[in-house]
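S.K.: Any chance you could fold what I've pasted below:
(chains A, B and C)
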Amino acid sequence: MAVPPTSADRRAPGQALYALMAELYPICRSITGAGLRETLRRLARHIPLRLHEVPSGTPVLDWTVPDEWNIRDAYVKDSRGERVIDFQRHNLHVLNYSVPVRARLSLAELRPHLYTLPEHPDWIPYRTSYYQPAWGFCLSHTQFLALPDDTYEVCIDATLEPGALTYGECYLPGETEAEVLISCHVCHPSLCNDNLSGVVVATHLARHLADAPRRYSYRFLFIPGTIGSITWLALNEAQLGRIRHGLVLTGIGDPGPFTYKASRRGDAEIDQAAAHVLKQSGRPHARQAFSPYGYDERQYCSPGFNLPVGCLMRTPFGQYPQYHTSADDLSFVQPEALGDSLAVCLELVEVLEHNRRFLNHYPKGEPQLGRRGLYGSIGGQSDAKTHQLALLWVLNLSDGAHTLLDIAERAGLPFGVIRIAAERLAQAGLLREPEEA
Amino acid sequence: MAVPPTSADRRAPGQALYALMAELYPICRSITGAGLRETLRRLARHIPLRLHEVPSGTPVLDWTVPDEWNIRDAYVKDSRGERVIDFQRHNLHVLNYSVPVRARLSLAELRPHLYTLPEHPDWIPYRTSYYQPAWGFCLSHTQFLALPDDTYEVCIDATLEPGALTYGECYLPGETEAEVLISCHVCHPSLCNDNLSGVVVATHLARHLADAPRRYSYRFLFIPGTIGSITWLALNEAQLGRIRHGLVLTGIGDPGPFTYKASRRGDAEIDQAAAHVLKQSGRPHARQAFSPYGYDERQYCSPGFNLPVGCLMRTPFGQYPQYHTSADDLSFVQPEALGDSLAVCLELVEVLEHNRRFLNHYPKGEPQLGRRGLYGSIGGQSDAKTHQLALLWVLNLSDGAHTLLDIAERAGLPFGVIRIAAERLAQAGLLREPEEA
Amino acid sequence: MAVPPTSADRRAPGQALYALMAELYPICRSITGAGLRETLRRLARHIPLRLHEVPSGTPVLDWTVPDEWNIRDAYVKDSRGERVIDFQRHNLHVLNYSVPVRARLSLAELRPHLYTLPEHPDWIPYRTSYYQPAWGFCLSHTQFLALPDDTYEVCIDATLEPGALTYGECYLPGETEAEVLISCHVCHPSLCNDNLSGVVVATHLARHLADAPRRYSYRFLFIPGTIGSITWLALNEAQLGRIRHGLVLTGIGDPGPFTYKASRRGDAEIDQAAAHVLKQSGRPHARQAFSPYGYDERQYCSPGFNLPVGCLMRTPFGQYPQYHTSADDLSFVQPEALGDSLAVCLELVEVLEHNRRFLNHYPKGEPQLGRRGLYGSIGGQSDAKTHQLALLWVLNLSDGAHTLLDIAERAGLPFGVIRIAAERLAQAGLLREPEEA
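M.R.: As a prediction, the model looks like this:
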């Protein structure tokens, strides 16, 4: 556990994740509409995913579910009838949620509707206007500069009408109703790291967990950003008390080191577990304190809910130039990075699943381990001392106040080593679980 | 707020402070007597200052108000009748609170009564003997070495008789009886940084506040050091509960960086506010933990009172060689430094005045800012993100547990930015004040 | 107190400690038996030591007192009748607690019973088998390699039979029943740093304390490791509440810097006092957090007892190559180191003895020190300021919440200076002890 898997090990699981991403990449998603629905249907081939449709106009907390947006085609044609900007070529070319438009405009009239990135002249920016009616096109700055003074035919063949907001929910019941919430946004069109990376890692994590014994129940949410979590929270407020731990997955396909952003509480078990897993694994990583800017953790961690939800990323959003541009494509994301992100999620789940509190049955003095075959009897010569030490740490700190994760942190040993020690001590009758646990 | 005013900006207010200091400099002050009274009368031309006279012999806490000291003249004449040490030339020449004396002495007899600073041979030291009857003269070491063996005529034409201890009090009532206490000592004769600097900054701070709306009431004390604060505390013990914040101003005219010495509590709001203002302003500064050595904060922070009173200085006393010598004169203190010290005090008051606790009306999820015109609508392009972030921080942390200053610290943003965000959110009906506030 | 004694100062007390160690070195000790008993009898010549005999088979916590082991002779003879391994030459040659054996064996048959240290080919390792019946010999690797293929006569003339476990207890009653526990293990044969160093320092510490006034009662335990502390705890459980502070002394004769391992509580007064003494003395030192691996602090700090017992060492066990080998002999331990270790123990006791909580009689404002002759009246010119400051610190923090040690730490002054200040203030009637103290 202390050594990250080698590049070769990671490739195999990573390839399956990457393949799913490649399949989903061309779909034009938004916070509502056919592309979002189609994406969720494809995920449902891999995991037991239930699609929910929430009608436009539904009040959700301080918000209202918006009209549904669907787009068939969009272009800007020059006077020769040639498509100089073409939605069919790249769905980022359209300002996401553009109202329908058909018009003939001069370049001067068109310009206020064009978005470019002068500092990255070959990339198409990603822009949206969900809540302010607007239309527009995004294009590379190079292409923009080459537009001649001309009369242009503009067409956005879209609809913005009452319909529904769609989200997917995969619930895996466990031994208890206590829940782990895994959330990712699924509203971005052809963008890979933000956030198909989260989508495919969450999907494969759910696949793994579906086949595993589970102490906790697991709830995976595939939702449009902001309005999706607001909607889900509004509809499920009565059940939020079940959430013991939560994680937003986003931007975890790039090759950068991991970044864990803590929950608003800052000292939740998920915060402690993520810090432990990343540190003990030896992976380079950073910890961010909670801030109210970011992804759906903003909603989960709003003060009225204050759920123990953190956020796992690699390079934080906005800190890589490809963010929200056409350069966040299949070449930016790496199969190895996806596979390793899944591995971290699995290690984290392992900690959550097995983190308990025990009571030492013989708290006065050390119990005689030799008599019970627990002395120097595990593993190779070099491991023996570590396992011995783990037994002593678990005995010394199993006083009702410390979890196994607390003990692992205090001992500076991997959680897995402490967990094995606790299991062996419990088998030998030296530990018991407290009444209430 | 993040950038300190330029040297030119500071000069204007600084000149007025400096002029007042120059006016007060020649007066021979002590812990009682005519010089102290005259100084307070001159301050009363600028601010509504009430003079209090406390009779000699009045018991105050563990102390007793001493006899009043007044001095008219003092000199040492050589056998030719020439004044070789002359109080008329510099009032530091006399040991402050010297008992009256008239005598003819040999140099050998005179020597035990002479004080010099061999390490700064051209400076006159400042010495006092308030509570042990004594007389003496202070002179430069150079002058001392030049004294020939001669018979000297010594005269200290002073009186030490029952009278009163005088102090000045300027009370500016605010919306509430909760008070901010500003204290400075005013007992030093011709010394500028210690402590005419505190006297003139406090006076001008009171002038500014007299014309401003005030949530808090403000009480300015101009008192003789130690015995003055002891006396005031003794006479006002029943009202001390009103003091919410306090500040001793001293040694703030030299060009050194600011030093804030925390209150005994260490985590009082004044401590937090001073740290915030100095850090956010970008001014170089240092923080000192409380220690029981220093100025009148010793009395305010004695364990039986333990008031939330800090101390704002520039170079701490004893850390500049001019301290308590004739070199602490008008050339040592700078108008710009005085002006900037006043500016810091005003910024600090601004934080205290506006630091409140709000409750987010919509604590579940983020309220929709766009609908209320709060999204990306403030300031220039570069400021917009900061103001946006400030809105989110205020919403996220306005849970009743955090003040605006707490939020500013947590967000790493200037208090002023957080305050504006809170005001805009309150105007939009998103925040309210808790019942009790 | 701020300057460690010079090498010459330390030698005198160190020589007496070293001489006692040299006397005890040749004795073959174990966790029971004649060598242990003989060692304790010799210590009883120096201090009032009571020997306790606990019969084999006595249940003690989760353990049972083992049979008593005694050894008269042991050897391996080659076919020419020559002793190639000889217990008479070095008692480490026998696996401690070996069962009796008499046999003729080939080299191949003998080998599994031989222990060497290939990485230190000239040293004899120290091995034990207290709770698994076994026999064996320890020898240098060089000697082992030189053993020819031969038939060997093996003899361990030992007995392992019902008897008793012996330990020594020296109790020095003080003004109160509140106790300081000093514990060292005394079960190692010819090994000096581990742990004759602890034995001789504890003995001399007891000698010093026997002649001194004592606020606390002191209990010195000279016990076999692990089973000894388990036994003592089992037999004295009802009285453990008296233990206010405790210290395990071990490995304090080598020339390395001090290491203080904190109690499981981590913030016990003994932890604070040890940190203070080592820091203020200027001695190089390190602090270790508690871990459940080490000496008898493992038992005292087991969660059911959780006594405030730390451990004072120099180089931690296992971090010097001589540890548990014949190289841990009289040449490895230094008289100066022993003497300085005793000095640290005495300084630590001094802090514990005089650490109290006072209440300032005049908590409102500073009391007038000058009137009481407490102003500038102590020590030389350079010390005066420190003593003055100490008076002010004690007055300011004697609010019932701070001990003198807390005040010393907060003031950054040596405990001794704070203690003197408190005594002078108490004499002047300015401090009193709280009711309950």
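S.K.: Look up the closest residue to the residue of the stretch 251-400 of chain A found nearest chain C, ignoring the ones flanking it.
M.R.: Per CB to the nearest CB, A:Pro363 is where the stretch 251-400 of chain A lies closest to chain C, at 3.1 Å. Heads up, the C-betas are built off the backbone N, CA and C, glycines and all. The shortest distance from A:Pro363 to any non-neighbouring residue, by CB to CB, 6 or more residues apart in numbering or on different chains, is to C:Gly304 (3.1 Å).
S.K.: ok, longest helix in chain A?
M.R.: Longest helix of chain A, by residue count under DSSP state H: helix A:335-354.
S.K.: what's downstream of it, the next helix or strand?
M.R.: The helix or strand immediately downstream of helix A:335-354 is strand A:357-360, counting by DSSP states H and E.
S.K.: picking up where we left off before, contacting residues around the residue nearest to A:Pro363?
M.R.: Contacts were defined as CB atoms under 8 Å, 6 or more residues apart in numbering or on different chains; by that measure C:Gly304 touches A:360, A:362-365.
S.K.: cool, and A:Glu53?
M.R.: Listed by CB under 8 Å, 6+ apart, the contact set of A:Glu53 reads A:164-166.
S.K.: Tell me which entries of those residues lie within strands.
M.R.: Judged by DSSP state E, the contacts of A:Glu53 include A:164-166 as members of strands.
S.K.: which of these lies closest to B:Ala206?
M.R.: Minimum separation from B:Ala206 among these (CB to CB) is found for A:Leu165, which lies at 60.0 Å.
S.K.: Specify the beta-bridge partners of that closest one.
M.R.: For A:Leu165, the beta-bridge partners are A:Val54 (DSSP bridges).
S.K.: That one contacts A:Glu68, doesn't it?
M.R.: Yes: between A:Leu165 and A:Glu68 a contact is recorded at 7.4 Å, counting by CB atoms under 8 Å.
S.K.: Which neighbours do the two have in common?
M.R.: Joint contacts of A:Leu165 and A:Glu68 (CB under 8 Å, 6+ apart) are A:32, A:56.
S.K.: Neighbours of A:Trp123, how many?
M.R.: Using other CB atoms under 10 Å in any protein chain shown, A:Trp123 is surrounded by 23 other residues.
S.K.: Need the phi and psi values for it.
M.R.: A:Trp123 adopts backbone torsions of phi -100, psi 150, taken as degrees, to the nearest 10.
S.K.: wait, what's in contact with the nearest residue to it once chain neighbours are set aside?
M.R.: The shortest distance from A:Trp123 to any non-neighbouring residue, by CB to CB, 6+ apart, is to A:Thr325 (4.2 Å). Applying CB under 8 Å, 6+ apart, we find A:Thr325 in contact with A:92, A:117, A:120, A:123-126.
S.K.: what ranges do the helices span in chain A?
M.R.: A:7-24, A:34-43, A:107-110, A:141-145, A:197-210, A:227-235, A:269-280, A:297-300, A:335-354, A:381-397, A:404-411, A:415-427.
S.K.: okay if I get those helices as CSV plus mean neighbour count, mean pLDDT and distance to B:Asn96?
M.R.: CSV is the format used below for these (neighbours: other CB atoms under 10 Å in any protein chain shown; pLDDT from 0 to 100; distance: least, CB to CB, whole Å):
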stretch, mean neighbour count, mean pLDDT, distance to B:Asn96
helix A:7-24, 17, 80, 80
helix A:34-43, 19, 98, 84
helix A:107-110, 14, 97, 82
helix A:141-145, 15, 98, 76
helix A:197-210, 24, 98, 75
helix A:227-235, 24, 98, 71
helix A:269-280, 22, 98, 61
helix A:297-300, 26, 98, 64
helix A:335-354, 22, 98, 71
helix A:381-397, 19, 89, 64
helix A:404-411, 22, 98, 61
helix A:415-427, 21, 97, 70
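S.K.: TSV for the ones you listed, including distance to B:Gly256?
M.R.: Compiled in TSV, those are given as follows (distance: least, CB to CB, whole Å):
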stretch	distance to B:Gly256
helix A:7-24	57
helix A:34-43	62
helix A:107-110	60
helix A:141-145	51
helix A:197-210	53
helix A:227-235	52
helix A:269-280	42
helix A:297-300	44
helix A:335-354	51
helix A:381-397	50
helix A:404-411	44
helix A:415-427	52
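S.K.: In JSON lines, list the ones you listed along with distance to chain B.
M.R.: Supplementary listing: the helices of chain A in JSON lines, determined by distance: least, CB to the nearest CB, whole Å:
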{"stretch": "helix A:7-24", "distance to chain B": "28"}
{"stretch": "helix A:34-43", "distance to chain B": "20"}
{"stretch": "helix A:107-110", "distance to chain B": "23"}
{"stretch": "helix A:141-145", "distance to chain B": "18"}
{"stretch": "helix A:197-210", "distance to chain B": "20"}
{"stretch": "helix A:227-235", "distance to chain B": "5"}
{"stretch": "helix A:269-280", "distance to chain B": "16"}
{"stretch": "helix A:297-300", "distance to chain B": "5"}
{"stretch": "helix A:335-354", "distance to chain B": "25"}
{"stretch": "helix A:381-397", "distance to chain B": "31"}
{"stretch": "helix A:404-411", "distance to chain B": "25"}
{"stretch": "helix A:415-427", "distance to chain B": "30"}
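S.K.: Could you check the pLDDT of the residue of the stretch 251-400 of chain A found nearest chain B?
M.R.: When scored by CB to the nearest CB, the stretch 251-400 of chain A has A:Gly304 as its residue closest to chain B, at 3.1 Å. pLDDT recorded at A:Gly304 is 97.
S.K.: Need phi/psi at it.
M.R.: Dihedral angles (degrees, to the nearest 10) for A:Gly304: phi -70, psi -20.
S.K.: and the gap between A:Leu413 and chain B?
M.R.: A:Leu413 sits 33 Å away from chain B, going by CB to the nearest CB, to the nearest Å.
S.K.: if I read this right, that residue contacts A:Leu391, doesn't it?
M.R.: No: A:Leu413 lies out of contact with A:Leu391 (CB under 8 Å); the separation is 10.9 Å.
S.K.: Quick check, A:Cys345 in contact with A:Leu312.
M.R.: Yes: A:Cys345 lies in contact with A:Leu312 (CB under 8 Å); the separation is 7.2 Å.
S.K.: which residues do those two both contact?
M.R.: Common neighbours of A:Cys345 and A:Leu312 (CB under 8 Å, 6+ apart) are A:247, A:249.
S.K.: Within range of chain C, give me the residues from chain A.
M.R.: Counting by CB under 8 Å from any CB of the partner chain, the residues of chain A close to chain C are A:360, A:362-368, A:370-371, A:389, A:392-393, A:395-399, A:411.
S.K.: redo that, cut-off 10 Å
M.R.: Within chain A, the positions near chain C by CB under 10 Å from any CB of the partner chain are A:359-372, A:375, A:385, A:388-389, A:391-402, A:410-412, A:430.
S.K.: picking that back up, sort out for me which of the contacts of C:Gly304 are in strands.
M.R.: Cross-referencing those against strands under DSSP E gives A:Asn360.
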